[in-house]
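Enquirer: everything below, folded, please.
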Amino acid sequence: MEDTLLTTPLTAVHEKLGARLVPFAGYAMPVQYAGLKIEHAAVREQAGLFDVSHMGELHFEGSGAEPFLQRLLAGNLAKASPGRCLYTVLLNERGGIVEDLLVYGLAPERYMLVVNAANRAEVVELIEARLKVDPAADDLSWEDRSDSTGLIALQGPASDKVIEQVVPGAEKLAFYENAEFELQAFGKIIVSATGYTGERGFEIYTDSGATQGMWHALMAAGAAHGLIPAGLGARDTLRLEKGYCLHGQDIGPDRTPVEAGLGWTVGWKTEFHGKASVLAQKEAGAAVKRVGIKLVERGIPRAGYQVVNPAGEIVGEMTSGTQSPSLNAPIGMAYVQTVHAKVGTELAVRIRNKDVAAVISKVPFV
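Expert: Coordinates of the predicted model:
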């Protein structure tokens with residue numbers, strides 16, 4: 001493992017558990033413990049525990065916080081009312097997705113943004129630049145607490161039974177709700193009913209010094225419910241089965257919410273950076289569209305593989321692909337020309353110069 005890689009508050013725990021650590025977004029992260037298929041099945045059927053402490057947490061407070069964030073982000077900030085979470089995007093002038101993120105409404109005039117580790121520095125730089133010209137800048141304070149925050153994701157149908165033993169009351173949170181708790185053993189924490197697997201679950205934010213204690217408490221509480229640690233490998237197959245985008249692959253600065261099928265993350269009646277470009281595309285229609293693809297022959301549709309029509313003409317490109325553990329079938333996502341994007345359209349994925357038969361599929365896959 002490279003000495004330059006960053007660690008999380010749980011790195012020592014992963015090493016003790018025998019996890020295979022790999023570089024990810026500048027961090028040493030566990031890709032698997034018992035095995036990808038075992039961890040994937042546990043999350044779908046019982047519960048899995050993920051270390052996602054590499055994610056970034058940016059806190060905003062003050063009367064200027066909401067108007068500033070509303071202009072910064074494409075989503076309708078009114079939906080991030082106290083106790084609610086909002087999934088949305090941050091756009092560039094061309095309408096491209098600089099970042100996809102969660103906005104937590106913690107309390108009146110108090111918010112938290114949860115950003116991808118790989119984009120954290122860019123997002124912070126962009127925020128600082130926008131604050132220099134935004135009229136709300138004098139009426140807010142903000143802080144990057146990423147390095148002092150640990151984040152654990154508890155995911156799976158047994159999550160409620162586990163969380164209620166460690167954070168009583170958290171099991172009552174509805175989907176995309178959040179709440180703050182203060183516990184004697186862990187201090188102040190934030191819990192939300194969110195996740196990246198498509199299953200019922202929770203994300204638990206602690207001070208970094210309390211993260212190991214929280215991990216061990218959750219594992220102990222989940223022992224009777226099939227809870228096991230899960231790594232990045234299962235996290236990727238789980239999110240792909242549900243059609244969730246991975247920034248840097250399925251979305252990025254060269255893709256817009258319209259092309260990505262993420263128009264629902266945009267508050268079209270609000271004013272935000274990049275609106276003119278993305279609104280024009282929405283009205284004109286996008287030339288390409290993100291779609292789900294299933295192979296009907298053997299093969300794995302990896303990112304970067306070309307998608308072709310029956311005549312062999314290139315009509316798109318894969319952005320994610322895997323062998324679905326739940327379906328035992330090859331699935332993926334791609335951008336294809338909109339004329340070929342209808343569910344049921346027969347295409348092919350070019351794998352090692354062979355065109356493997358495929359069909360446009362509904363997303364989520366499971």
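
Enquirer: OK, contacts around Gln281?
Expert: 95, 256, 258-259 (Cβ atoms under 8 Å, 6 or more residues apart in numbering). (C-beta placed from N, C-alpha, C; glycine too.)

Enquirer: show me the helices in the stretch 201-350 of the chain, by range?
Expert: 211-222, 232-241, 257-260, 275-284 (DSSP state H, counting those that start in this stretch).

Enquirer: tell me which of these approaches Leu102 most closely.
Expert: helix 232-241 (14.3 Å; Cβ to Cβ).

Enquirer: so which residues of the stretch 251-366 of the chain form strands?
Expert: Remark: strands assigned in the stretch 251-366 of the chain by DSSP state E, counting those that start in this stretch are 288-295, 306-308, 314-324, 329-337, 346-351, 354-361.

Enquirer: and those: which comes nearest Gly195?
Expert: strand 314-324 (18.0 Å).

Enquirer: excluding chain neighbours, what is closest to Ala136?
Expert: Distances taken as Cβ to Cβ, 6 or more residues apart in numbering put Gly64 closest to Ala136, at 3.3 Å, once the chain neighbours are dropped.

Enquirer: report the contact partners of Thr11.
Expert: 21, 28.

Enquirer: do the same with the one 10 residues further on
Expert: Listed by Cβ under 8 Å, 6+ apart, the contact set of Leu21 reads 1, 11, 14-15, 28-31.

Enquirer: closest to Ala210 among these?
Expert: Taking the contacts of Leu21 together and measuring to Ala210 by Cβ to Cβ, the closest member is Thr11, at 15.6 Å.

Enquirer: and that closest one, what's its pLDDT?
Expert: At Thr11, the model reports a pLDDT of 98.

Enquirer: state the distance from it to Ala153.
Expert: When distances are taken as Cβ to Cβ, to the nearest Å, Thr11 and Ala153 turn out to be 16 Å apart.

Enquirer: and if you look at Gln323?
Expert: Counting by Cβ to Cβ - Gln323 and Ala153 are separated by 23 Å.

Enquirer: compare these two (neighbour count), which wins?
Expert: Between Gln323 and Ala153, counted using other Cβ atoms under 10 Å, Ala153 has the larger neighbour count: 24 against 18.

Enquirer: how about the more buried one, nearest residue that isn't a chain neighbour?
Expert: Here the residue nearest Ala153, using Cβ to Cβ, 6+ apart, is Phe50, at 4.1 Å.

Enquirer: circling back: mind checking which of the contacts of Leu21 are buried?
Expert: By neighbour count, with 16 or more other Cβ atoms under 10 Å, the contacts of Leu21 hold 11, 14, 28-31 as buried.

Enquirer: just the residues you listed: which are in strands?
Expert: 28-31 (DSSP state E).

Enquirer: okay, those in CSV with distance to Asp139 next?
Expert: Formatted as CSV, these follow (distance: Cβ to Cβ, whole Å):
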residue, distance to Asp139
Ala28, 40
Met29, 38
Pro30, 42
Val31, 44
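
Enquirer: these two touch, right, Asn76 and Trp264?
Expert: No - counting by Cβ atoms under 8 Å, Asn76 does not reach Trp264; the two are 10.8 Å apart.

Enquirer: so these two - more neighbours on which side?
Expert: Under the criterion of other Cβ under 10 Å, the comparison of Asn76 against Trp264 puts Asn76 first, with 17 against 9.

Enquirer: below-threshold pLDDT in the chain: ranges please.
Expert: Applying pLDDT under 70 to the chain flags residues 1-3.

Enquirer: now the residue of it positioned farthest from its centre: how far from Leu347?
Expert: Distance to the chain centre peaks in the chain at Ala311, reaching 36.2 Å (criterion: Cα atoms, centre = their mean). For Ala311, the distance to Leu347 equals 11 Å [Cβ to Cβ].

Enquirer: what's the domain layout of the protein?
Expert: 11-51+147-241, 287-361 (automatic domain parsing).

Enquirer: tabulate those in a markdown table, adding columns for distance to Val278.
Expert: Listed next are the domains of the chain as a markdown table, based on distance: least, Cβ to Cβ, whole Å:
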| stretch | distance to Val278 |
| --- | --- |
| domain 11-51+147-241 | 23 |
| domain 287-361 | 14 |
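
Enquirer: most tightly packed of these?
Expert: Burial of the domains of the chain is given as mean neighbour count (mean count of other Cβ atoms under 10 Å); domain 11-51+147-241 ranks first at a mean of 20.

Enquirer: thought His247 was touching Val115?
Expert: No - His247 lies out of contact with Val115 (Cβ under 8 Å); the separation is 9.5 Å.

Enquirer: with neighbour numbers in mind, choose between the two.
Expert: Neighbour count, other Cβ under 10 Å: between His247 and Val115, Val115 has more, with 24 against 19.

Enquirer: so which residue is smack in the middle of the protein?
Expert: Centre-most residue of the chain, counting by Cα atoms, centre = their mean: Tyr196, 5.3 Å.
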